[in-house]
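Peer 1: Any chance you could fold what I've pasted below:
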Amino acid sequence: MNGRSGVLTRNNNEENIIKDSTEFNEEVEERIEVENDDNRENSDLQDEKVIVLDEKELLQKQLDALKEENEALKEENKLSSNKLNAVEEKYTNLVSEYENYRNRTAKEKEEIFNTSCEKILKEFLPVLDNLERAIEADGSVDGLKQGIEMTIKGFITALEKLEIEEICTDGEFNPNLHNAVMHLEDNAYGKNEIVQVFQKGYKRGDKVLRYSMVQVAN
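Peer 2: Have a look, this model is predicted:
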């Protein structure tokens, strides 16, 4: 009996050892698996952290770029504003200069007109004097005729002083100087020859003041 009992006890011990060993191995494997899971989680967290840091760095770079662009736009806006102010100031100055020029020119024109009127009137005052003398003279025809002749001479003298001359009507018709109001069919005259003067014309330099009114042969 004792021998068999010893064998059973030994077998039981071996089974217990194997069982304990198996359980230990399983426990170790579980711990290793847990650690591996933890490591994987830590690795994933680390990767996520890296991604977050990369995104933050990218956003920061974009923010810095936007700040630089904003500063550039501010500077450009400042330059544009300065240019606009300069243009507005130049425009204001030009308007002021033009207004001054217009006022000055209008005043000069008025002065020239007044001076011209004074000059003309001064030249024709002697003509008026002659007319008054003719009226005050005796009633004879010769006296009246003499007064009229003096008045005409006074007019001619005044016109000459104003550089106004009578348009010549001798010879051929000139449409730049003459106004043909009548035509005459007569072989005794040459073609376009002025036959008769109905009203004298006058000019000052190249400026025609009044065209000569004439009759022209065809």
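
Peer 1: three-state assignment of residue 196?
Peer 2: Reduced to three states with DSSP: H, G, I helix; E, B strand; the rest coil, the structure at residue 196 is strand.

Peer 1: Setting aside sequence neighbours, what's the nearest residue to it?
Peer 2: residue 215 (4.2 Å; C-beta to C-beta, 6 or more residues apart in numbering). (Each C-beta comes from the backbone N, C-alpha and C, glycine too.)

Peer 1: That neighbour touches residue 185, doesn't it?
Peer 2: No: here residue 215 does not reach residue 185: they are 11.4 Å apart, not a contact under C-beta atoms under 8 Å.

Peer 1: Pick out whichever of the two has more residues nearby.
Peer 2: Using other C-beta atoms under 10 Å as the criterion, residue 215 and residue 185 rank with residue 215 on top: 17 against 7.

Peer 1: so residue 215 bridges to which residues?
Peer 2: Beta-bridge partners recorded for residue 215 (DSSP bridges): residue 182, residue 196.

Peer 1: residues in contact with the residue nearest to residue 196?
Peer 2: For residue 215, the contacting residues are 180, 181, 182, 183, 184, 194, 195, 196, 197, 198, by C-beta atoms under 8 Å, 6 or more residues apart in numbering.

Peer 1: got it, and residue 172?
Peer 2: Counting by C-beta under 8 Å, 6+ apart, the residues that residue 172 touches are 190, 192, 193, 194.

Peer 1: Let's see that with 10 Å instead.
Peer 2: 178, 190, 191, 192, 193, 194, 216, 217 (C-beta atoms under 10 Å, 6 or more residues apart in numbering).

Peer 1: Out of those, flag the one nearest to residue 208.
Peer 2: residue 178 (9.8 Å; C-beta to C-beta).
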